[in-house]
Structure formats: C-alpha cells, structure tokens
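In: A predicted structure for the sequence below; I have some questions about it.
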Amino acid sequence: MALYRCSKRACGRIWKADSHPETCPWCSGRKLHELGFDELEIEEIVAEVDKCDESTEEGLELQAALFQLAAAAGDLWGITNLGWCYEAGAGVEQDDKQAVWLYTQAAEMGYPPAQCNLAVCYESGIGVAADIEEAAELFHAAAERGYPRAQFCLARYYENGICVRKNEEKAVEWYQAAAWQNYPPAMTSLGWCCEFGAGTEKSSEAAVLWYTRAAEAGDPNGQCNLAWCKETGIGCERSYEEAAGWYEKAAARGHMRAICNLAECYIHGRGVEESPEHAFELYNAAAERGHAHAQFRLGIFRRMGYGCEQDLEAAVELFRQSAEQGHAGAQCELAIAYERGRGTRRDPEEAVKWYRLAAKQGDICATYNLGWCYEAGYGVERDLKEAARLYRITAEQDDLDGQTSYGWCLRHGVGVPQNAKEALVWFERAAAKGQPRALTNLAQMLRGGEGCAKDEVRAVELFLQAAEKGYAPAQTEYAICCERARGRDRDPEEAFLWYGRAAEQDDLCAMYNLAWCYETAFGTEENPVKAAEWYRKTAEKGDADGQTSYGWCCRNGYGAAANIPEAVRWYKLAAGQGQPRALFNLALLYLDGDAEPEEGESAVGLLEQAAAKNYAPAMNRLGWCYQYGKGVPENRKKAASWAKKGAEAGNCDAQCRLGWYYDTGFGVRRSEESAFYWYKKAAENGSAQGAYNLAWCYENGQGTKASDRKAVQMFKKAAELGHKGAQYSLGWRYANGKGVKKDLELAVEWYRKAVEQEHASACNNLGIMYESGEGVPQDFEEAVRLFRLAVQYDPENGHAWHSLGDCYERGWGVDADLAKAVELYQKSVGLGNGCAMAALGRLYMEGIGVECDEAEAVRLFRESSEKGDSDGSFYLARCAAEGRGMAASAEEALLLCEKALADNDFCNVKPAEVRRLLKKLRSA
C-alpha cells in the first residue's frame, strides 16, 4: 500500500492504492508518481487531511495514511491522530494498545492532545489497565498547557471529587479556562454551574448566556439545556417556539434527551402543533436506538393507545427492554403489568422482583407498591413491619400516597406501634396537598377525637374536600355527616346526592345507604323499586348487609315481587357469612311459619347463632320465645336470662324488657331498684320506651327518689325520640304546670306531635284546648274533629266520648243534639269515666234530654265522686244541701265540697262555685 500524487498542477491530489494507478481518480490524468515519506511538508499533510472524505472508507484510509506520513516524520500531531485512528478503527484495523503506544510517545514529548487522549485511555481502561490517578495527572498536565478538552475533563474531576478533593470552585475555574477557548462542552458545563450555583454565584441569566454560546457552537448538550431554559423561562423569557427549535437542532444531532423533550413538546403542543403521532415517532426513533427512557415513554404510549394503536403486549415488551437497562420507571411499570396481568400473565413473584429493583433505585411508586405487596402478602410473605418501613421511605420523600399509608399504619398500629398523634402529622402533610385518602383519614380522626381534640366541624370540611375530588369513601362519609347532622346541619337531600355519587363508583356502603334513602324517603321520594334495586346490587357483590336487606325486600314484597323462597336464599347467603341480622330474620320466617327450616335447622338455633355473635336483638327474641313458649317450652327464668344477656350486650329493647321483668317479677324476684336501673340503661342507650318508663319511675318514686324535674327530663327525652305517650305526658305537664313552668304553647306543640302519631288522649286534650281557646285560637270545629279522632284511635277512651258528648250538648262545633249527647255520655259512663257520670247525672237531675230522675242523678253523682271527679262531688254536695234525690245533710254537703276541692279534678264546674257553697254551708 503506497501513496500516489497526480502531477497535474491543476489537480495535485493524493491517492492511496495497492499498486501504481494508471490514471488519477480525480482528474483522469496519466501522470502519477509514488510519494516518499519525506516528500510532503506537515502543512501539506494537514491540508490533504482536510480534503479527506471521512464518510467513506477510502477517505478514512487516506487520512490514516497521511497521519502515518506525519508520524513517520516525528510530528506529534500526526502521532496523536494516528493513535486516534487505531483507537477508533478509522482507516486502520482497530488496535487500542497501538493507540496507547502512540499517545504515549507524543505525551512524553509534552503534547497536550496526546496527554489528554492517553488520560482518557487510562480513565476508561482502553488499551491499558484502568488507572484513574494516572488519568488525572495527564489531564492536569494537558490542562496546564492550555488544552481545552483536558481542562474540561479536569474540571469534571474537581466537580465530582475524582482523584482530587471535590472542589466546585476549582472546577468552575477550569471550565472557564476551556470555555474562554470556545470549547463547547465546557461552555455547557459552565452554564450548568451558573444555573445551579455550583462553585460560582447562582445566575440563571449567566447560565443562559453560556448555554447559548455552546448551542450556537453546535454542542447538543448546550442546545438541549438552552431549550429547557426557553421552555421553562429559566434566566430568560419563556418561549416554547425557541425551545422547540433548539430541541430540534439537538435532536438532529442524535441527542436523546432532546429527542425525548421534543416529543413532550408535541404531546403538549408547546412551540409546535400538538401531535401525539409525531411524539410517538420521536420516542420510537430513540427507542430503536436503545434509549431506555424513550423505551419507557413509548411503552406508556402503547399502553394508553396514545398516538398509536393500543397494544398492551408491545407495551410490556418496551417496559422490559427499558427495565433491563435499569430504568426505574420502566421496572415499576413492568411490575404493575405483572401485578395486574396487563399485557402479560399475572405473576405476583415477578411483580415483586421488579418493584424491588425499581425501589432500590429510589423509585417512589415502586417503593410504595412494594410496601403494599408486603402489607397484602402479594408475591411475598406478608410482613407488616417491612410494609410500614417502605411506606415511611416514600412518606419522607413527600409522596402523598406514602404519607397517607404510613399515617394509616400509625393510626391502626400496623407494622409499627400505634401512635395517633404521629399519624395525624402525616395525614396533615398529605391532606395539605389535597390527597383525598389523607383528607378522609384526618377527618375521621378529628371526628372521633383520635389523638386530638374532637372537631366534627373541621372533619366535615375535610370530608367535603376529598368528596369533591371524587374519592368515593369520602363522599360516603360526607353523606353520613349530612344524614346524621355530624358537624353540620342535617341535610337529607345533600346526603342522598353524595350517596348517589359514591354508589356510582361501587362504594358498597354508599350503595347500601342509597337503597336505604329510597326505602325511607330520606332526601328523595320513597321509591321501593330503586331501594330494592340498590340492595340487590350490593347483595350481588357479596355484601352480607345488602343480601340481608334484599332478602327483606323479597320477604315483604318491597320493590320486588314477594318471594319467600328468594328471601330465604338471600338470608341464607348472608347467614353463611355470619351476618347476625340475616340469621335473625331467617329465624323470624321460621317462627312465623312462612318458611320451613331444613333438616337440622331451627328458629331457636338460628337465634342462638346470632346471639353467639353478640346480636342483642336475637337475645331479646330468645327471651320472647321462652316467655311465650315459641319453639321452646315456656320458661320464665330462661326468658329473663336471655333478656339479661341482651340487656348487658347493650340492646335497649332487651334492657326495657328486663326492666319490665323486674317491675312485674316475671322470671326474677321483683325489684323496683333493678327495674329502675335497666330502664335507665335503656334510656341512656336511646330507647324511647326506656326513657318513658324511667320517667314514670321518677314520677312515682319507684326504685328511686321521686322527682318531678327528672320525670319531665325523661318524658322530654322520650318525646324527642318520638314516643307518643311521652309526647302526650309532656304536653299534659306543660298544660298543667306539673314539674315545669306552665306553658300552653309548648303543651299544644307536644300534644300535636302525639296527635300525629294517633295518640287518643292527646287528641282529646288538644281538642279541649281548642274548645277553651287556651294556647290556641278557640275553634270548636277543630275540637270536634280531634275528639272524633280520639274515639277513632281508641274506642275505649271514655274521656274522648265525654268531650264529644259535651260538644253535642252545648252545640259547640256541631248542631246541638241532646239525645246524641246523652248517648255519648252513656258510652263514656260505660267506660267508667267520672266526668261523664257527673254530666249525665246533671241531665237526669234537670230532665234535659232524658226524663228527670233525681235518684239516678244522685247515683251517678256518687259514683263520679267515688272516682275522684270534682264535678260529681260538687253536684252530690248540692243535692245533700238541698235534699234532692237524697236526705238533706249539711254535714255531708260540707264534706263533699271539701273533697271536690281536694281532688281538684274539675271538668265543667268552676272551683269558685264550690267555695261559695262551702262558705254558705259553714255560715249556716
């Protein structure tokens, strides 16, 4: 192989060939001669090297041959470049050792480029054993001689503390030295130091200046960094268009980060027209060149079908390629694919493997998911301590999910000692940034006062924040607050709205509660069909409560066709999950004879199963079974025993039942004190009947000291819980000032509440108030309406029959009809009403509506008086004083007047009339 030169002055080109060419390949001239090693000056060689076409093998071979000429002449430039040819295999067979030998020759002569190249060989172990210290010395030697590449490399050593003590200021000095010689990589690195204040004063503007110089000099790193500054407005005015332009330039030079960032520009339409397809093409180009991040992003595109056709299998393959290169994000995505069986087989162990690899690199998502695997025992042995540790790692890196899960571990003592106060700290941190699960947990703790002062108002605010972010559990919690007036006003419509939103996300609690809203007309119109539909949806998802309630719908034909076998089926499904209410309801079907138990089943057995699960209603019902001999022999002691178990389990009905047993001595030794105790327990647990019975204990001093004040308190509690008897009793006390200050308006209010529940005596008393105009405007028609309701609700209510008869006698609210009045009085008398006896006796005495019959009148007066009726005593006293229908007796008349005043139970007679008669008798 030799070099030949064209002799034509106009050409003069040099050519390399194995044999003497016949013609010049450049001008076709025939005069060519072989060059000797000493025929060319170095300047000529350099000029000829510049003419070589490095894109062709022939050009590279000629270039190497020219370097050989220069090297043979002892030129350090030639020696060094020939070494580079051997290192790169450019125009010669690659030979790293030969390259090192050549670099060494020139380096020993103090030639900086050779020193620098040799340093790179020592740094990377190219053709020589790696020796970083030798590399540092060589870089330093070349840098001191002003060689910019060496200065740049030495700056890197100072910046990163490689073989020298880390010194960012020194690094900047060397970067500056190279940059001022227009070495583009140094300009870029100096810009980075200025941007982040590494070894120099932080200055985004100075960073942009150096990035610009590097970019304009063609450095792709500088171009990419400048583009980033333009995109984000760091040190310059933001310009998406300029950013995209510089990314384009760097991408054209194969800069991978620029290609990826340019793809992101196309995704978001920043500086270029939005084009998912173009973004996909860019990532695909980088991915084909093995760029890990591009493969990762391309996998995301394939998984989502963004800018391309969705292909889950292809996505997994891209994630795998990237993951095998150590890309943490891809490792996490690959793990997710294995966890969920998305685009590949479901493989818990493989998922854990990749989560662990990504977590080791600090990937927060992978660390968190690995924590979940340990918590759930998914693909790895369950280890709650390890789960909590991993959650804490992510929490400390400000990962909101990690903060929330670690807070949850602390709240419940999962994998760590329970610590409510520390849990609150983590929930607060995540909640401050809007993490919905953290908001929900924080709200729950505030509502319950866990580790903090109870604050239901703030709890509601937090539930609402999370609910508005679409978090179903928070939507359910907020709905519950609206339903139950917890931390805010009760708002049925709002509760219904949020239950609906959560139910649409398949939140089981919300689905169940939404059904309940439709059933009870809470916040919406009653809709049995929708109630049954939502109960069925929860039932079909395996929810035992839903199965029980849907079974109830089938049992009662509520919103669904009445179907006892279907009810039994759903009850049995729920009972199979141990749902005590299902066991209880199934037992009731058997007790009522609506279904036949299977062999080995019995109603009492089901109740006992439910009772074994501490379901107090079942205990109470077992007491009822033994009380009445239903399914078991009657047994008072066992009845009392089961009632006591239910009572001790906190069931207010059982507590009331047990109180009644002690009150009456049923199955237990009678004890007013024990009756009082259990009535009190029932009342404290929200039992209206318990509060009502307790009120009578206070009223009558039964088992406790009599107290009108406490009696009124309990009547009021029971009344507020909807007990109509208590509402009536409270109304009566306000009307009569018994234990409370007399208040006719409150009396009317409570009577009216009782009337709404069809309480006959309340109807009668409210009617009397309308009749007299006390506490309400006088309205005889309304009075009559109420009296009629009273006898309709309770035909045995003698007071109401008397009141209605009084209206017919007087013509109040109806046409006067004495015969009707007599008929009604007689009905009342037949029921033992003393007022009616006095009224009917008065009619007999005067012969009004009946024939006059003084003896009958006196009989009725006497019977009335004996019942404590003041009207009867007064009328009888007058008869004794006047000797009508009986022997005259001033003494008896005086005693009867005193009795009337003492009984103080007047109906139509005024106490003043009695006092006048008494005065007259005493003065006689």
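Out: That came through, no problem. Keep in mind it's a predicted model, so treat the numbers as computed, not measured. Residues are numbered from 1 along each chain as shown.
In: For the rest of this, base every contact and every neighbour count on C-alpha atoms.
Out: OK.
In: Please determine how far residue 449 is located from residue 684.
Out: Going from residue 449 to residue 684 by C-alpha to C-alpha, to the nearest Å gives 21 Å.
In: Give me the helices and strands touching the longest helix along the chain, please.
Out: Longest helix in the chain, counting residues (DSSP state H): helix 57-72. If you count contacts as 3 or more C-alpha pairs under 8 Å, 6 or more residues apart in numbering; DSSP states H and E, helix 57-72 packs onto strand 14-17, helix 42-51, helix 76-88.
In: can you rerun that using 7 Å?
Out: If you count contacts as 3 or more C-alpha pairs under 7 Å, 6 or more residues apart in numbering; DSSP states H and E, helix 57-72 packs onto helix 42-51, helix 76-88.
In: what sits up against that helix?
Out: The contact list for helix 57-72 (C-alpha atoms under 7 Å, 6 or more residues apart in numbering) reads 16, 37, 42, 45, 49, 52-54, 78-79, 81-82, 85, 90-92.
In: Equivalent analysis for stretch 429-443, please.
Out: The list of residues contacting stretch 429-443 from outside it, by C-alpha under 7 Å, 6+ apart, reads 400, 403-404, 424, 427-428, 459-460, 462-463, 466, 469, 471, 474.
In: Over stretch 226-243, what's the mean pLDDT, rounded is fine.
Out: For stretch 226-243, mean pLDDT rounds to 97.
In: Tell me what angle the longest helix of the chain forms with helix 76-88.
Out: On the basis of axes from the mean of the first three to the mean of the last three C-alpha atoms, to 10 degrees, helix 57-72 is oriented at 140 degrees to helix 76-88.
In: And the average pLDDT for helix 57-72 is what?
Out: Averaging pLDDT along helix 57-72 gives 88.
In: likewise stretch 600-618?
Out: Stretch 600-618 comes out with an average pLDDT of 92.
In: do the same with stretch 625-632
Out: Rounded mean pLDDT across stretch 625-632 is 92.
In: What's the end-to-end length of it?
Out: Where stretch 625-632 begins and where it ends lie 7 Å apart, using C-alpha to C-alpha.
In: Highest mean neighbour count out of the helices and strands packed on helix 57-72?
Out: With neighbours defined as mean count of other C-alpha atoms under 10 Å, the helices and strands packed on helix 57-72 peak in mean count at helix 76-88, which reaches a mean of 24.
In: How far off centre is it?
Out: Distance of helix 76-88 from the chain centroid (C-alpha atoms, centre = their mean, to the nearest Å) equals 68 Å.
In: That helix - contacts with which helices or strands?
Out: On a contact count with 3+ C-alpha pairs under 7 Å, 6+ apart, helix 76-88 meets helix 57-72, helix 96-108.
In: hmm, 10 Å instead?
Out: Here helix 76-88 touches helix 42-51, helix 57-72, helix 96-108, helix 112-124, going by 3 or more C-alpha pairs under 10 Å, 6 or more residues apart in numbering; DSSP states H and E.
In: Okay, angle between that helix and helix 42-51 too, please.
Out: Going by the same axes, to 10 degrees, helix 76-88 makes 30 degrees with helix 42-51.
In: quick one: residue 110 and residue 145 touch, right?
Out: Yes - the criterion here is C-alpha atoms under 10 Å, and residue 110 meets it with residue 145 at 8.7 Å.
In: Could you tell me how far the residue nearest to residue 75 when sequence neighbours are not counted is located from residue 72?
Out: For residue 75, ignoring the flanking residues on the chain, the nearest one in space by C-alpha to C-alpha, 6 or more residues apart in numbering is residue 42 at 7.8 Å. Per C-alpha to C-alpha, residue 42 is found 11 Å from residue 72.
In: for residue 662, same thing?
Out: As for residue 662, its distance to residue 72 is 123 Å (criterion: C-alpha to C-alpha).
In: and what of residue 631?
Out: 118 Å.
In: which outside residues touch stretch 241-253?
Out: By C-alpha atoms under 10 Å, 6 or more residues apart in numbering, the list of residues contacting stretch 241-253 from outside reads 212, 215-216, 218-233, 239, 254-266, 269-272, 282, 286.
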